[in-house]
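Participant: Have a look; sequence and predicted model below, questions after that.
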Amino acid sequence: MEILSREITASGLYKITSSDGSFFIRPEYLVTLSKEDFLINDVFDEVQRQEILDAGLVTACECKAVDYLARSEQSRTGLLKKLLDKGFEREYIIRALDYLESVNYLSDERYCRSWLNTRKINHTEGRGKLLSELLGRGISKEISNKALDEFFSENDENEIAVRCYAKLLRKGKSGDKLISAMIQQGFSYKTATLLISNNGILPED
């Protein structure tokens, strides 16, 4: 491979024009080649050529991931699936996501906070249901519980339970069906039965 020109972009990527065509790479994705060698040398052997092309494919994954992240917070697992669906290879995706996490552009913690604050707008759910939803989105139990601790320090779970109870009553739920529905929404059996016995009011702790 012969490098014909290099042009650095504002995001730190290099636009490469070579005998193989034009593409972008982030030098951090090079494995054996040093950044200095890459910038100085113009001709590379077949092994080095493949390393440079691989770095270009990882960079392409990164650029697509950044496009998704510019629209909204993403979870690592969700972003991995989206990129796989776009036809990118898992090996390249993982390297790109590792880099984005290392520079804090991708964060499961931020995703959890964003998802929980959006979820509460149209849903009345307890900790159990929210934990299950986060785990189902590939978030670790540790990160999920930390995010939920923060969320419920700012949002009273009892108040959410009361709203959920009222919402289910409007849907015609009562008795055991109401209790079952409350449990499905992530609240405890104790909370559900207390709401029923106290006509939608939870006693103060």
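Facilitator: Arrived safely, thanks for sending.
Participant: do you know how far residue 130 is from residue 44?
Facilitator: Separation of residue 130 from residue 44 (CB to CB, to the nearest Å): 51 Å. The way it works is simple: take the backbone N, C-alpha and C, and place the C-beta from them, glycine included.
Participant: Looking at the two, which is more packed in?
Facilitator: Legend: neighbour count by other CB atoms under 10 Å for residue 130 and residue 44, higher for residue 130 (25 against 19).
Participant: who's in contact with the more buried one?
Facilitator: By CB atoms under 8 Å, 6 or more residues apart in numbering, residue 130 lies in contact with 116, 119, 148, 151, 186.
Participant: quick check, the last one in a helix?
Facilitator: Put plainly, it is residue 186. No - Residue 186: not assigned to a helix; according to DSSP: H, G, I helix; E, B strand; the rest coil it is coil.
Participant: Show me the strands in the protein, by range?
Facilitator: With strands called from DSSP state E, the chain shows them at 3-8, 14-18, 21-25.
Participant: tell me the pLDDT at residue 204?
Facilitator: Looking at residue 204, its pLDDT stands at 69.
Participant: which residues does the residue nearest the centre of the chain contact?
Facilitator: What sits nearest the mean C-alpha location of the chain, by CA atoms, centre = their mean, is residue 75, with 0.8 Å. Counting by CB under 8 Å, 6+ apart, residue 75 touches 108, 111, 115, 137, 138, 139.
Participant: I'd say the fifth one and residue 74 touch.
Facilitator: If I follow you right, that is residue 138. No - between residue 138 and residue 74 there is no contact under CB atoms under 8 Å: 10.8 Å.
Participant: Contacts for the worst-scoring helix or strand of the chain on mean pLDDT, please.
Facilitator: Lowest mean confidence among the helices and strands of the chain (mean pLDDT, DSSP states H and E): helix 35-40, at a mean of 79. Defining contact as CB under 8 Å, 6+ apart, one finds that helix 35-40 is touched by 6, 27, 30, 52.
Participant: Can you give me the buried ones in it?
Facilitator: For helix 35-40, the neighbour count (16 or more other CB atoms under 10 Å) marks residue 38 as buried.
Participant: Give the phi and psi angles for the residue nearest to the centre of the chain, as a check.
Facilitator: The phi/psi pair for residue 75 (degrees, to the nearest 10) reads phi -90, psi 160.
Participant: What's the separation between it and residue 149?
Facilitator: 18 Å.
Participant: for residue 3, same thing?
Facilitator: To residue 149, residue 3 is 51 Å away according to CB to CB.
Participant: again, but for residue 123
Facilitator: For residue 123, the distance to residue 149 - CB to CB - is 19 Å.
Participant: Between these two, point out the one with more neighbours.
Facilitator: Between residue 123 and residue 149, counting by other CB under 10 Å, residue 123 is the more crowded of the two (16 against 10).
Participant: Can you check the pLDDT for that one?
Facilitator: On the pLDDT scale, residue 123 gets 95.
Participant: Which phi and psi values does it adopt?
Facilitator: Per degrees, to the nearest 10, the backbone of residue 123 is at phi -130, psi 150.
Participant: okay, now the closest residue in space to residue 120 that isn't next to it in sequence: neighbour count?
Facilitator: Counting by CB to CB, 6 or more residues apart in numbering, residue 155 is the residue found nearest to residue 120 once chain neighbours are left out, at 6.5 Å. The tally of other residues near residue 155 (other CB under 10 Å) stands at 12.
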